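Participant: Starting from these lines, generate the structure:
(one chain, ligands or ions: 1)
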Amino acid sequence: MAAKKTGGLAGITAGSTKLCTVGKEGAGLTYCGYDIYDLADNATFEEVAWLLLRGELPTQAELDGYIEKIKANRGLPDALKTVLEMIPADAHPMDVMRTGVSFLGNIEPEGDFSNQLDTADRLFACLPSIMAYWHRFHSDGERIDTETGDSSLAGHLLTMITGETPSEMHRKSLDTTLTLYAEHEFNASTFTARVITASLSDMHSAITGAIGSLRGPLHGGANEAAMQLIQKFDSADAATAGIHEMLANKDLIMGFGHRVYTTSDPRNSVNKRMSKALAEEAGDTVLFPVSEAIETVMWEQKKLFANADFYAATVYHFLGVPTYLFTPIFVCSRVTGWTAHVMEQRADNRLIRPAADYTGPSLKAWVPIGERG
Ligand code: COA
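Facilitator: Below is the predicted model of the structure:
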């Protein structure tokens, strides 16, 4: 395996959380004490969202009430729709998400934080609407109704994006990826949200910043970049040769490697299983074999493993989601983890302000502007 570099706060404990364990000896990946595999197999994404935001699994009555609350919060104010229509068609949808949340912070400000759970629920409910409204307006000129009546966020999302009611298999596949993406301890975007929160800023600012962080290809943007990589190759053989060449050129292979995990990403096996099933359903003979070939070369050559983003890419592709919406869908899921961290940070807050090693010049004498060479 390639040697780990220093810097980037690697291995530094920067705070504490009750929300999640990542790669902890004997625990693996857990949300509020529940194993990710149990949640992926058994929970709906709405149950996971409740768990992260309220700390316990919901009772049936609580879940029913929550689903109704989320459904009632899916609508977009007219002013926000106008803003979304004004954002150019060639903008990146992550920038649309960022602007959408920021604008919402103007027209529905959080106020004194006493309703922070309602603000979190509102963001959870309306982020899919922001994404799909902009997408459909600019891709086919439709001003869609963002209140589909579908009880699951996964079904609601797919209906808005594709204009069709999804099959149970598609609904469950998306729902499971949303669960896998929901929370991941002090990843870059969550840490960004906590840093913003720690200055006692509002939830919309924290989530706007988190979206900006997630956008980058070293973080959430990797699922989109992985799809572009997979689609470069028309066969497993071409992928094998192509990845060897890219590694020889020292290119980064998107969807591989991780800051915390060293031998595998626990979310990958679930995503890979779904990608394979969806490939079979779609009669795909290229994308899945290409993905496996890339995975094989990466392990053989670099001992690097596919992370959660790699097979999530083909899952979303087979579900009919345009590539540029892959990372925005990640936002629709991770907003649960982000807002849970915002509330956790507020509950025991101290300004986050680390120190830096100074590497600049030693003290210099002031030079008046006319005497500078
Ligand atoms: N492709 C090729 N080489 C990779 C690689 C990848 N995906 N991931 C890591 N490496 C190499 C690095 O270039 C580095 O090599 P070097 O020491 O010769 O420069 C070495 O492995 C060590 O990696 P490091 O830079 O220490 O990893 P990190 O902890 O700083 O970064 C990631 C972690 C996730 C940012 C990194 O693995 C990456 O860029 N992956 C691709 C983007 C991605 O999938 N992001 C989603 C993460 S969930």
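
Participant: Once you drop chain neighbours, what's closest to the residue of the chain found nearest the ligand?
Facilitator: Nearest residue of the chain to the ligand (Cβ to the nearest ligand atom) works out as residue 257 at 2.3 Å. In short, each C-beta sits where N, CA and C put it, glycine included. Distance criterion Cβ to Cβ, 6 or more residues apart in numbering; nearest residue to residue 257, sequence neighbours excluded, is residue 304 at 4.9 Å.

Participant: go on, residue 35?
Facilitator: Per Cβ to Cβ, 6+ apart, closest to residue 35 is residue 28, 6.7 Å.

Participant: for stretch 187-194, the distance to its chain's centre please.
Facilitator: Distance of stretch 187-194 from the chain centroid (Cα atoms, centre = their mean, to the nearest Å) equals 11 Å.

Participant: So what touches that stretch?
Facilitator: Contacts with stretch 187-194, where a contact means Cβ atoms under 8 Å, 6 or more residues apart in numbering, come from 14-15, 183-184, 186, 206-207, 209-214, 216, 218-220, 334, 337-338, 341-342, 345, 352.

Participant: repeat that for 7 Å
Facilitator: For stretch 187-194, contacts defined as Cβ atoms under 7 Å, 6 or more residues apart in numbering pick out 14-15, 206-207, 209-210, 213-214, 219-220, 334, 337-338, 341-342, 345, 352.

Participant: Show the overlap between the residues you listed and what lies near the ligand.
Facilitator: Among the contacts of stretch 187-194, the ones lying near the ligand by Cβ under 6 Å from any ligand atom are residue 219.

Participant: what about burial for the contacts of stretch 187-194, which qualify?
Facilitator: Buried residues within the contacts of stretch 187-194, counting neighbours by 16 or more other Cβ atoms under 10 Å: 206-207, 209-210, 213-214, 219-220, 334, 337-338, 341-342, 345.

Participant: So of the residues you listed, which two are at opposite extremes in space?
Facilitator: In the buried ones among the contacts of stretch 187-194, the most distant members under the criterion Cβ to Cβ are 220 and 345, with 20.4 Å between them.

Participant: where in this protein is pLDDT low?
Facilitator: 1-5 (pLDDT under 70).

Participant: for the ligand, what are the nearby residues on it?
Facilitator: 2-5, 8, 218-219, 222, 252-259, 302, 304, 307-309.

Participant: Show me which of those residues are buried.
Facilitator: Among the residues of the chain next to the ligand, the ones that count as buried by 16+ other Cβ under 10 Å are 219, 222, 253-259, 304, 307-309.

Participant: Could I get those residues in CSV, plus columns for secondary structure and distance to residue 368?
Facilitator: Below are these laid out as CSV (DSSP: H, G, I helix; E, B strand; the rest coil; distance: Cβ to Cβ, whole Å):
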residue, secondary structure, distance to residue 368
219, coil, 46
222, helix, 50
253, coil, 53
254, coil, 51
255, coil, 54
256, strand, 54
257, coil, 51
258, coil, 52
259, coil, 48
304, coil, 55
307, coil, 54
308, helix, 56
309, helix, 54
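
Participant: State the distance from residue 255 to residue 233.
Facilitator: To residue 233, residue 255 is 14 Å away according to Cβ to Cβ, to the nearest Å.

Participant: For the residue nearest to residue 35, give the beta-bridge partners.
Facilitator: When bridges are taken as DSSP bridges, the partners of residue 28 come out as residue 24.

Participant: pull the CA atoms of the helix or strand residue 189 falls within into PDB?
Facilitator: Here residue 189 sits within helix 188-198, counting by DSSP states H and E. Taking C-alpha atoms only, helix 188-198 is exported to PDB below (Å, rounded to 0.1, in the frame of the first residue of the first chain):
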ATOM      1  CA  ALA A 188     -14.400  17.000   5.500                       C
ATOM      2  CA  SER A 189     -17.900  18.400   5.000                       C
ATOM      3  CA  THR A 190     -19.100  17.500   8.400                       C
ATOM      4  CA  PHE A 191     -16.100  19.000  10.000                       C
ATOM      5  CA  THR A 192     -16.700  22.100   7.900                       C
ATOM      6  CA  ALA A 193     -20.300  22.300   9.300                       C
ATOM      7  CA  ARG A 194     -19.000  21.900  12.800                       C
ATOM      8  CA  VAL A 195     -16.400  24.600  12.400                       C
ATOM      9  CA  ILE A 196     -19.100  27.000  11.100                       C
ATOM     10  CA  THR A 197     -21.500  26.000  13.900                       C
ATOM     11  CA  ALA A 198     -18.800  26.500  16.500                       C
END
